[in-house]
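*Asks:* Please work out how this folds:
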Amino acid sequence: MRDFVARPDHGIVWISGASSGIGRALALKLAGEGYRVAVTARNHAKLLELQTEAAGLSGGIIVLDGDVTNAEDMEHTVAAIEYQHGTLALAIFNAGVYLPVDGAHMKHEDFDRSFSVNLTGVVNCLIPAVRHMKSKGQGQIAIVSSVTGYGGLPTSAAYGATKAALINMAESLKFDLDKLGIRIQIINPGFVDTEATKDNQFPMPSLVTAAVAADEIAAGLKTSSFEITFPKNFTFKLKLLQFLPYSLYFKAINRFTGWPQRPIEAPRDPSPHPAE
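*Replies:* Numbering: from 1, shown residues only. Model (predicted):
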């Protein structure tokens, strides 16, 4: 069976987390290629601005409000696409948050929020999307992860954990989805200049704009590759680091980030835990 590659005539593209960053740029890119793109996010005003900006493009933007952390919202979103706008041909699960974790002063909410949006949020989208695509015998799904999912990096204890889980999830689902005619891909960008990365406290080599990221993803969606990753000269090096023994891996990351020279920050909330 040939891999399914969604074309504009196949139906609707759905992008979650489309109000800013990669999601927004990708929605504009695909609308410019003639796709009708359904966009979801919690910020309704920004989605309307996106729709207005895309008004002159050959495709179009369909605004569907929804919060990926709410499973019922995502069921309604897929139903709205299928029964009001057309067949769901391609789903791109992009919604995510980056909450830096300071290992000396960890907070439950940073982990809870990261897992809820980045991981459970994808599952909430994935289940109804697969169910509808399965009934048609074809479809394409792309999950936006990150190269931080390859291995641990400073401040990424929560974010990186969710992205590693998404990579494993996509790899595991591929075996079954292949048999259903549903093509799944994982998108692992390097550093992209977005709101999520602007406060990073370490060097970000090979930083690309959201527009460049959108171009790379749009091109990758049309290939047979399982993984879409960019810029390759950077992401390939990060992959190679995974073959090192841990002693060398940690040494390399410490040298690259200069993390050992960074002082331990004072806690943001100096009050004691209630149990102390």
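*Asks:* so how many other residues sit close to the residue lying closest to residue 42 once chain neighbours are set aside?
*Replies:* Spatial nearest neighbour of residue 42, excluding adjacent residues (CB to CB, 6 or more residues apart in numbering): residue 67 at 5.3 Å. C-beta: built from backbone N, CA, C; applies to glycine. Neighbour count for residue 67, taken as other CB atoms under 10 Å: 19.
*Asks:* Just want the most central residue of this structure.
*Replies:* residue 144 (2.7 Å; CA atoms, centre = their mean).
*Asks:* hey, where'd the strands end up in the protein?
*Replies:* For the chain, the strands defined by DSSP state E cover 12-16, 36-40, 60-63, 88-93, 139-144, 182-189, 192-193, 208-209, 227-230.
*Asks:* can you pull the buried residues of the third one?
*Replies:* Using 16 or more other CB atoms under 10 Å as the burial criterion, the residues of strand 60-63 that qualify are 61-62.
*Asks:* May I have the strands that pair with it, each with its orientation?
*Replies:* Taking DSSP bridges as the criterion, strand 60-63 pairs within the sheet with strand 36-40 (parallel).
*Asks:* now the closest residue to residue 31 other than its chain neighbours: how far from residue 38?
*Replies:* Closest residue to residue 31 apart from its sequence neighbours, by CB to CB, 6+ apart: residue 59 at 3.9 Å. For residue 59, the distance to residue 38 equals 11 Å [CB to CB, to the nearest Å].
*Asks:* least reliable of the strands of the chain going by mean pLDDT?
*Replies:* Mean pLDDT values for those show the minimum at strand 192-193, a mean of 80.
*Asks:* roughly how far is that strand from the heart of the chain?
*Replies:* Relative to the chain's own centre, strand 192-193 is displaced by 13 Å; criterion: CA atoms, centre = their mean, to the nearest Å.
*Asks:* helices or strands up against that strand?
*Replies:* Under the contact criterion of 3 or more CB pairs under 8 Å, 6 or more residues apart in numbering; DSSP states H and E, strand 192-193 touches strand 208-209, helix 210-220.
*Asks:* what angle do the lengthiest helix in the chain and strand 182-189 make?
*Replies:* If you go by DSSP state H, the chain has its longest helix at helix 159-180. Per axes from the mean of the first three to the mean of the last three CA atoms, to 10 degrees, the angle that helix 159-180 makes with strand 182-189 is 160 degrees.
*Asks:* So which bits of helix 159-180 are buried?
*Replies:* 159-167, 169-170, 173-174, 177, 180.
*Asks:* Out of the strands of the chain, which gets nearest to residue 250?
*Replies:* strand 182-189 (21.3 Å; CB to CB).
*Asks:* Need the residues that contact the one helix or strand in the chain whose mean pLDDT sits lowest.
*Replies:* Lowest by mean pLDDT, DSSP states H and E among the helices and strands of the chain is strand 192-193, with a mean of 80. Strand 192-193 has contacts (CB atoms under 8 Å, 6 or more residues apart in numbering) with 21-22, 207-210, 213.
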